[in-house]
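> Here you go, sequence then predicted model.
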Amino acid sequence: MSAPDTDNGRTSIAQQFTRAWESVLATMAPAPTEAELESVPEGSAGEVRNGWSWWALAFDIAPAAPVLIGAPASSWQALDKLILGDDGSADAEAEAVSKDLINQCGSVMAQWFSGETGHPVVCQEAVTADPGLSEPRFAIHLKFPETGSAIRLLVSVPEALAGKADPLPPAAAAPGSPLAAGGRAGARRAGAGRVESAGGGLCPIHAGRLEDLSGEP
């Protein structure tokens, strides 16, 4: 069996993670929100440690290979204000809001991973993290059309997780399961209807840049 294409796997995970953010914010944000994915050329992420806050979101199929999500602290605070109102909240409460958002995205992602792999996948609770030497290759732009603002999150998807997300061959799917009934598409229809974006299908990767609400470059 050939090795899974982890580059394509990481892109698929990043696309689905973008859809998860859009789905979760649709239920929590007071105004309509859009999410777009951008590829980040290698070595162009810039300084992502000083003044940044990072979260790790791990899944039991690869617990040592979590997805890392990072942004300047000011961006997380701006997102908190958009969720709770202009006054925002205290730092501890703001961190709780960010953690809750990421955990809900993780639940949506676990549902998608379950459909891809053919067995239940559990998301572990998000924890604060140090990005270490991780190289973010994706950026998710959370756009708020009513205000014309956007928040940019950097995302690092490890190769180890991308390899674990390789789907089972049709012969391995149990009779009557979503995979046996219709492959990946059947699994998504059966178990991931809630994560469909407004336009349906996968979120495209955009090459453009948006101005971050926090004012960070």
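Everything's here; your move. Residues are numbered from 1 along each chain as shown.

> Any idea which helix or strand in the protein has the lowest mean pLDDT?
In the chain, no helix or strand scores lower on mean pLDDT, DSSP states H and E than helix 178-191, which sits at a mean of 35.

> For residue 125, give its distance to residue 42.
Distance, residue 125 to residue 42, by CB to CB, to the nearest Å: 30 Å. Where C-beta positions appear, they are placed from N, C-alpha and C, glycine not excepted.

> Actually, residue 25.
In terms of CB to CB, residue 25 sits 29 Å off from residue 42.

> Those two: which has the busier surroundings?
Using other CB atoms under 10 Å, the more surrounded residue of residue 25 and residue 42 is residue 25, with 22 against 9.

> what's the helix or strand for that one?
helix 6-28 (DSSP states H and E).

> Now the element after that helix, going C-ward?
strand 34-39.

> pLDDT of that next one, averaged?
Mean pLDDT, strand 34-39: 92.

> What are the buried residues along that strand?
For strand 34-39, burial by neighbour count (16 or more other CB atoms under 10 Å) applies to 34, 35, 36, 37, 38.

> ok, now stretch 118-138?
118, 121, 123, 126, 129, 131, 134, 136, 137, 138.

> And residue 152, how close does it get to residue 18?
From residue 152 to residue 18 the distance is 12 Å (CB to CB).

> list residues touching both of these two?
residue 140 (CB atoms under 8 Å, 6 or more residues apart in numbering).

> Between these two, tell me which one has more neighbours.
residue 18 (27 against 22).

> Does the more buried one touch residue 143 like I think?
No: in this structure, residue 18 is not within contact of residue 143 by CB atoms under 8 Å, at 11.4 Å.

> Touching both of these two, which residues are there?
35, 36.

> related to what we said a few turns ago, from the buried residues of stretch 118-138, which two are the most distant?
Using CB to CB, these reach their maximum pairwise distance at 118 and 131, which is 31.5 Å.

> who's in contact with the nearest residue to residue 60 once chain neighbours are set aside?
Nearest residue to residue 60, sequence neighbours excluded (CB to CB, 6 or more residues apart in numbering): residue 122, at 4.6 Å. Contact analysis of residue 122 by CB under 8 Å, 6+ apart lists 59, 60, 110.

> Identify the residues contacting the first one.
The neighbours of residue 59, taking CB under 8 Å, 6+ apart as the test, are 66, 106, 109, 110, 113, 121, 122, 123, 124, 161, 164.

> So which of those residues is the closest to residue 83?
Among these, and counting by CB to CB, the member closest to residue 83 is residue 106, at 17.1 Å.

> quick one: low-confidence ranges for the protein?
By pLDDT under 70, the weakly predicted segments of the chain are 1-6, 43-49, 86-94, 133, 165-217.

> the longest helix in it is where?
Taking DSSP state H as the criterion, the chain has its longest helix at helix 91-117.

> Show me which of the contacts of residue 122 is closest to residue 79.
Distances from residue 79 to the contacts of residue 122, taken by CB to CB, are shortest for residue 110, at 22.0 Å.
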